[in-house]
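> Structure, please.
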Amino acid sequence: MYIGEWGEFVVAIQNASEADAYDVTVVDQLPDGPTGGMCDTVPEVLVPVDDFSIVDELDALNADRSFVPGTLNVVSLPAGAVDNSNPNGGAAGTGLLDIDNLSIGGLGDTVVVEFEVQLAVAIPSGTYVYNQSDVMFGDYTAALSDDPSLPGDEDPTRVLVESGPPAALAKATTRDTVTIHDTFAYEITVPSVPHSEPLYDVRIFDDLNTSAANLRFHDSRNISSTVGGAAENTGNPTSLVLENLNNGFDIPAGEQLVIRLRVRLTGASTNVAGMTFTTTAYYTFTEADGDPASQQIGDPGTSPPMTVVEPDLVMAKTGPLRANVGVPQTFTLDVQNTGGSPAYAVTLTDLL
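Residues are numbered from 1 along each chain as shown. Below you'll find the predicted structure:
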């Protein structure tokens, strides 16, 4: 049968028993289907069909607005098609696709309508968004679009909404230079931009061995305003693991964890004036609280370069060119620091 064609069916009833049958009722219940009850599968188009339309009210199947009003954009249409779409149409005002004057050839021919639309930003992660298009002949629905990934022949297309990954870790310096044996601080922020979903069981990994400078852990402190818990180093002095041993660092949606990390520049021979260095850290988190199976790795962050500076002391000694026996004379020791850092506990020795 072709679409719109009348079908004639014959029901034959035979009494195969020896007794008469009285008050017989014949009921023929046609199966439900996309063609209004005449077929239970999508019909094949065997002959060319003209002047049909594709209609899609974007949010018709969603309880809440799931698309951004005004973002519906028809990308491509078959030749001769008429675009009656409204980017702010439909009951939800989020878009109505309406493509008219479509034609399709016989068996094996296809019609492709391509459109794009933006998902709303406030959809919770893990939500399914549904959409389905109708093939229309005037006011008659001839077929419904089907999601091929689902069983059945008229399932709406569904999209699982997942929030994007959280932003990378940020590692900031609190000064530009450091000298030998000096202790200085970094501020580590996770994530660098507040995320729309909570992050659970956050741990920070900072391998100081990868830096050009020779550094050692000094201490760490949680200075967050909204994330509680002490920051402890469960690693070693050069390969740091900063975490909260009590309940883990849990970062609510829209908030950030901020850790102040202090390290010391050692007196190693490789730490010399003029050397620049950076350090890099990354973090891990779980998507479900206390569920190691949901653990993810956050992108790393690298600190801005710091420069090693040292003091450079220059001394000049002045006094009289001649001296008389038994007469005290005055000599002056003039010490200047021409280096890039202060010099502490300076001792002057003068061998007479």
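> Look up which helix or strand Leu97 falls in, please.
With secondary structure defined by DSSP states H and E, Leu97 is part of strand 96-104.
> What strands line up against the next helix or strand after that strand, and which way round?
Proceeding C-terminally, strand 96-104 gives way to strand 114-116 as the next helix or strand, assigned by DSSP H and E. With DSSP bridges as the criterion, the sheet partners recorded for strand 114-116 are strand 73-76 (antiparallel).
> Check the average confidence over the helix or strand following the strand it pairs with, would you?
Counting by DSSP H and E, the element after strand 73-76 in chain order, helix or strand, is strand 82-83. Here strand 82-83 scores 94 as its mean pLDDT.
> just the helices in the stretch 1-150 of the chain please.
When assigned using DSSP state H, counting those that start in this stretch, the stretch 1-150 of the chain turns out to have no helices.
> Identify the residues contacting the helix or strand that contains Phe184?
Here Phe184, judged by DSSP H and E, is contained in strand 183-190. Taking CB atoms under 8 Å, 6 or more residues apart in numbering as the criterion, the residues outside strand 183-190 that touch it are 169-175, 178, 199, 202, 204, 206, 218, 223, 242, 249, 251, 256-265, 279, 281, 283, 298, 301, 303, 306. Where C-beta positions appear, they are placed from N, C-alpha and C, glycine not excepted.
> 7 Å instead, please
Identification of contacts with strand 183-190 by CB atoms under 7 Å, 6 or more residues apart in numbering yields 169-175, 178, 202, 204, 218, 251, 256-264, 281, 283, 298, 303.
> ok, how many other residues are close to Asp219?
Around Asp219 there are 14 other residues, counting by other CB atoms under 10 Å.
> So it belongs to a strand, correct?
Yes. Following the definition DSSP: H, G, I helix; E, B strand; the rest coil, Asp219 is counted among the residues of a strand.
> What number of residues are in the vicinity of the nearest residue in space to it that is not next to it in sequence?
Nearest non-adjacent residue to Asp219, counting by CB to CB, 6 or more residues apart in numbering: Arg262, 5.2 Å away. Arg262 is surrounded by 14 other residues when neighbours are defined as other CB under 10 Å.
> One more: the one 3 residues further on?
Leu265 has 21 neighbours, counted by other CB under 10 Å.
> swap in the one 10 residues further on?
When counting by other CB under 10 Å, one arrives at 14 neighbours for Met275.
> quick one: pLDDT of it?
The pLDDT attached to Met275 in the predicted structure is 96.
> which residues touch it?
Here Met275 is in contact with Ala212, Ala213, Val308 (CB under 7 Å, 6+ apart).
> Could you list the buried residues of stretch 68-88?
Neighbour-count burial for stretch 68-88, counted by 16 or more other CB atoms under 10 Å, picks out Val68, Pro69, Thr71, Leu72, Val74, Leu77, Ala81, Ser85, Pro87.
> Farthest-apart pair in those, please.
Val68 and Ala81 (24.6 Å; CB to CB).
> quick one: low-confidence ranges for the stretch 101-250 of the chain?
Regions of the stretch 101-250 of the chain meeting the criterion pLDDT under 70 cover residues 126.
> redo that, cut-off 80
Scanning the stretch 101-250 of the chain for pLDDT under 80 picks out 106-108, 124-126, 149, 153, 160-163.
> Number of residues surrounding Lys317?
In terms of burial, Lys317 registers 11 neighbours under the definition other CB under 10 Å.
> rewinding a little: can you tell me which of the contacts of Met275 are buried?
Among those, those classed as buried by neighbour count (16+ other CB under 10 Å) are Ala213, Val308.
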